[in-house]
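[1] generate coordinates for the sequence data below:
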Amino acid sequence: NGKADGDLNITGTGGAESVGSNWGIYTNAGDIIRSIGSGNVTLTGTGGTIGNSNHGVLNSSNATITSNSGFVLVKGTGGSNQSSSGVNNYGTITSSGTGSVTVEGVAGNVGDTNSNYGVVNAASGAGGGVISSSGGTVTVVGTGAAGWEAIYLSDTSSITAPGALTLTSNGGAINQTGGTITVDGTTTITAGANNATLAPSTNDFVGAVSVVSANNVSLADANSLTLGASTVGNNFTATAAGGVVVAGNVTAGGTGAINITGNTNSAVRSRYGVIVYDNVTIQTTDGALNITGTGGSASSGANYGVYNDYGAIITSGGAGTVTVTGTGGSGERGLNGGVVNYEGTITSGGGDVTVTGIGGTGVGGSNCGVFNYGVNSAGTITSVGGAVTVTGTGGTGGSDNDAILMGLDSVVDAPGDLTLISNRG
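    As a prediction, the model looks like this:
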């Protein structure tokens, strides 16, 4: 065990044992490395060059690297040969105060293709695999070997950040196969041309999640999920049990699809299944775009399945299809619409557009299936080169539960077939 009242700096380089396991820095189970007061903690480890499993830093189960209020920085570079990751964390890396926590790992022998990760956060024992800060930000940066993850999160591991979370790949995917990520602040993901998968349903991103760059992205949230500006080269998938708020432009390149699904489980954090904020654009280049939402149960009503706000655009370029499906929730004051397009645009450059809305229930009425309208500008549902189909089912409770309601300044247009279907109302 080691502790310091000021800054604590530890640097290690792996030895040359022929059997391998020449770790730069190794903590044994039960070890505690910590600073006291405002001191910072910095660990820098470089794995050895002989044999395999030459991790830069190996933090064992039940071992702890921590500060009181200063920052914690753990940097590891794997050594030569197979299974030589930058940082393997099976214990706890944390700051108990407001200090930031940063973990940076570079896999050794980057050209090798056998289990050389940048950063591994995994639980090999109860309570292990923890990266957290009590009051600051958390940053994880990884560089994996060819075919291996830059950042690999598994088992019952956890990342907890009351401030912002930054996940960055300088080579290799960002992959979460288990555990939980909990972030009160914003989350920023940068994966370059690599995939980023943060899809366990236990995750809770309270602040907005933004993707600077990635190939395929998959996100999941146990509660409401807010999407900030995000750009991917291929597919983008987001699913939230508490509804999805699209607060920044989301763009998918190539033939990549966008799939956004929000099923509100709460009357508190979000009433909407999916809401696209004003002047925000969701756009594929030449792929399908699918948005599905189920409204909540706030007694004040307005539990919309999908709400496309003024100036918002849901669009697919090329021959990509656009499908918007909304089911209104339940709230006694009504207005629990399936799909509401208020001065927004739902369109495709050449593919078919399908809008399906099922009104919810509420004694206040006006639980419309599909409500397309505008006041200062038109609510528009159209395709440049395909068919348009709008299907509505009116809800129950009160009155004026129209299947399809075309309000003031409403445009529905198609050069191909235009089909309007009422199932009730």
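[2] contacts and neighbour counts: CA atoms only from here.
    OK.
[3] quick one: buried residues of stretch 149-165?
    149-165 (16 or more other C-alpha atoms under 10 Å).
[4] now, those residues that are in strands?
    Counting by DSSP state E, these place 151-153, 158-161, 165 in strands.
[5] tell me the two of those that are most distant?
    Greatest spatial distance in these: Y152 and A161, 17.4 Å, computed using C-alpha to C-alpha.
[6] element containing the most centrally placed residue in the chain?
    Closest residue to the average C-alpha location of the chain: L219 at 3.7 Å, with C-alpha atoms, centre = their mean. Secondary structure from DSSP states H and E places L219 in strand 217-221.
[7] can you list the strands that that strand pairs with?
    Applying DSSP bridges to the sheet, strand 217-221 is found paired with strand 196-198 (parallel), strand 236-240 (parallel).
[8] distance to V324, mean neighbour count and mean pLDDT for those - can I get that in CSV?
    Shown next, in CSV, are those (distance: least, C-alpha to C-alpha, whole Å; neighbours: other C-alpha atoms under 10 Å; pLDDT from 0 to 100):
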stretch, distance to V324, mean neighbour count, mean pLDDT
strand 196-198, 24, 23, 98
strand 236-240, 15, 24, 98
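[9] just put those in CSV and tack on distance to V390.
    Listed next are those as CSV, based on distance: least, C-alpha to C-alpha, whole Å:
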stretch, distance to V390
strand 196-198, 33
strand 236-240, 24
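[10] related to what we said a few turns ago, export the strand holding L219 as PDB, just CAs?
    Provided in PDB are the C-alpha atoms of strand 217-221 (Å, rounded to 0.1, in the frame of the first residue of the first chain):
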ATOM      1  CA  VAL A 217     -23.200   3.100 -33.200                       C
ATOM      2  CA  SER A 218     -25.600   1.400 -30.800                       C
ATOM      3  CA  LEU A 219     -26.900   3.100 -27.600                       C
ATOM      4  CA  ALA A 220     -29.300   2.100 -24.900                       C
ATOM      5  CA  ASP A 221     -30.700   3.700 -21.800                       C
END
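[11] tell me the helix or strand right after the lowest-mean-pLDDT helix or strand in the chain.
    Sorting the helices and strands of the chain by mean pLDDT, DSSP states H and E puts strand 2-4 at the bottom, at a mean of 58. Moving toward the C-terminus from strand 2-4, the next helix or strand (DSSP H and E) is strand 8-13.
[12] what helices or strands is that next one leaning on?
    Applying 3 or more C-alpha pairs under 8 Å, 6 or more residues apart in numbering; DSSP states H and E, one finds that strand 8-13 contacts strand 25-27, strand 41-46.
[13] for the first one, name the packing helices and strands.
    In other words, strand 25-27. strand 8-13, strand 41-46, strand 57-59.
[14] show me the one of these that comes nearest G248.
    For those, the distance to G248 is smallest for strand 41-46, at 36.0 Å, taking C-alpha to C-alpha.
[15] the closest one to strand 8-13, inter-axis angle?
    0 degrees (axes from the mean of the first three to the mean of the last three C-alpha atoms, to 10 degrees).
[16] can you give me the strands in the stretch 301-425 of the chain?
    Assigned by DSSP state E, counting those that start in this stretch, the stretch 301-425 of the chain shows strands spanning 306-308, 313-316, 322-327, 339-342, 345-348, 353-358, 370-373, 379-383, 388-393, 404-406, 410-413, 418-424.
[17] closest one to G144 among these?
    Per C-alpha to C-alpha, nearest to G144 of the strands of the stretch 301-425 of the chain: strand 313-316, 34.0 Å.
[18] tell me how far that closest one is from the chain's mean position?
    20 Å (C-alpha atoms, centre = their mean, to the nearest Å).
[19] mind giving me the packing neighbours of it?
    Packed against strand 313-316 by the contact rule (3+ C-alpha pairs under 8 Å, 6+ apart) you find strand 281-284, strand 322-327, strand 345-348.
[20] what strands line up against it, and which way round?
    With DSSP bridges as the test, strand 313-316 pairs up with strand 281-284 (parallel), strand 345-348 (parallel).
[21] okay, those in CSV with mean pLDDT, mean neighbour count and distance to A378 next?
    Putting the strands paired with strand 313-316 into CSV (pLDDT from 0 to 100; neighbours: other C-alpha atoms under 10 Å; distance: least, C-alpha to C-alpha, whole Å) gives the following:
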stretch, mean pLDDT, mean neighbour count, distance to A378
strand 281-284, 98, 25, 16
strand 345-348, 98, 27, 8
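[22] which residues of the stretch 1-150 of the chain score low on pLDDT?
    1-5, 110-113, 125-126 (pLDDT under 70).
[23] show me where it has strands.
    In the stretch 1-150 of the chain, the strands defined using DSSP E, counting those that start in this stretch lie at 2-4, 8-13, 25-27, 32-35, 41-46, 57-59, 64-67, 72-77, 87-89, 92-95, 101-106, 119-121, 130-133, 138-143.
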